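Student: Got a predicted structure plus its sequence, pasted below:
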Amino acid sequence: MQDIPYRQIRAVHTGRTIRVYQAYSPAIAEPALAAGTFVPPFKRERMTWIKPSFLWMAYRCGWASKPGQERVLALDLTQEGFAWALEHSALSHYDPEFHPDRETWAKSVKTHPVRIQWDPERGLRHQPLPHRSIQIGLSGEAVGRFVDEWITAITDVTATMREIGGLVAAGDLDRARALLPDERPYTGILPESFSASAR
């Protein structure tokens with residue numbers, strides 16, 4: 001753990017795609033699985049958050065047990081789309097480490113359709129870890145690109161999420177850990193403006 005940088009993107013990825021997670025109600029998840037992308041009742045006008053970390057998704061949805069988050073979807077996005085999101089992002093909160101003043105930060109938020117948030121990564125028991133996990137919020141143009149261009153595959157991983165959660169509840173952490181996806185440091189090109197916030 002101590003070798004993991006404080007801020008680092010970790011995900012399942014190939015040379016062509018990178019995997020992120022979202023959790024929805026069956027009413028949204030089932031049509032999305034059938035269509036291979038998001039369709040109504042999914043609302044494009046709302047901000048939608050994608051998470052490369054399986055364990056952070058597990059923490060957020062309570063191992064697929066929270067109302068409205070009973071179905072966990074793995075979304076494979078194009079590397080180009082993911083890079084576009086990072087290139088057009090702004091940090092969701094003012095941070096004097098990265099912004100000269102609040103006015104500069106506020107202007108950045110208004111002119112970028114993507115929000116970046118670094119939250120504590122989570123362990124198997126949902127405990128916060130000393131390094132951060134990225135959450136990426138898409139709005140406006142970014143949502144349209146996400147739905148229409150970036151998604152190459154949608155996989156329902158609810159059963160795996162619940163199986164791991166059951167093993168954790170039973171205290172069988174070794175078996176639970178063996179079922180986790182192999183998330184590796186993101187090796188794609190980061191835009192210069194984003195690199196500063198990832199250090």
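Tutor: The structure has been received and is ready for your questions. Since we're looking at a predicted model, the values are computed, not measured.
Student: make it CA atoms for all contacts and neighbour counts henceforth
Tutor: Will do.
Student: the longest helix in the protein is where?
Tutor: Longest helix in the chain, counting residues (DSSP state H): helix 158-169.
Student: helices and strands around the helix or strand following that one, which ones?
Tutor: Sequence-wise, the next helix or strand downstream of helix 158-169 (DSSP states H and E) is helix 173-178. Under the contact criterion of 3 or more C-alpha pairs under 8 Å, 6 or more residues apart in numbering; DSSP states H and E, helix 173-178 touches helix 158-169.
Student: got the contact list for residue 93?
Tutor: Counting by C-alpha atoms under 8 Å, 6 or more residues apart in numbering, residue 93 touches residue 117.
Student: What's the per-residue pLDDT of it here?
Tutor: On pLDDT, residue 93 comes in at 76.
Student: And it, which helix or strand is it part of?
Tutor: Using DSSP H and E, residue 93 maps to neither a helix nor a strand.
Student: how near is the spatially most central residue of the chain to residue 106?
Tutor: In the chain, the C-alpha nearest the mean C-alpha coordinate belongs to residue 51, at 0.9 Å (C-alpha atoms, centre = their mean). Note on residue 51: its distance to residue 106, by C-alpha to C-alpha, to the nearest Å, is 24 Å.
Student: cool, residue 149 as well?
Tutor: According to C-alpha to C-alpha, residue 149 stands 28 Å off from residue 106.
Student: What of residue 73?
Tutor: Distance from residue 73 to residue 106, by C-alpha to C-alpha: 32 Å.
Student: Looking at the two, which is more packed in?
Tutor: Higher neighbour count among residue 73 and residue 106: residue 73, with 25 against 16, using other C-alpha atoms under 10 Å.
Student: Could you look up the next helix or strand downstream of the helix or strand hosting residue 80?
Tutor: Element membership for residue 80, per DSSP H and E: helix 79-87. Note on helix 79-87: by DSSP H and E, the next helix or strand toward the C-terminus is strand 89-91.
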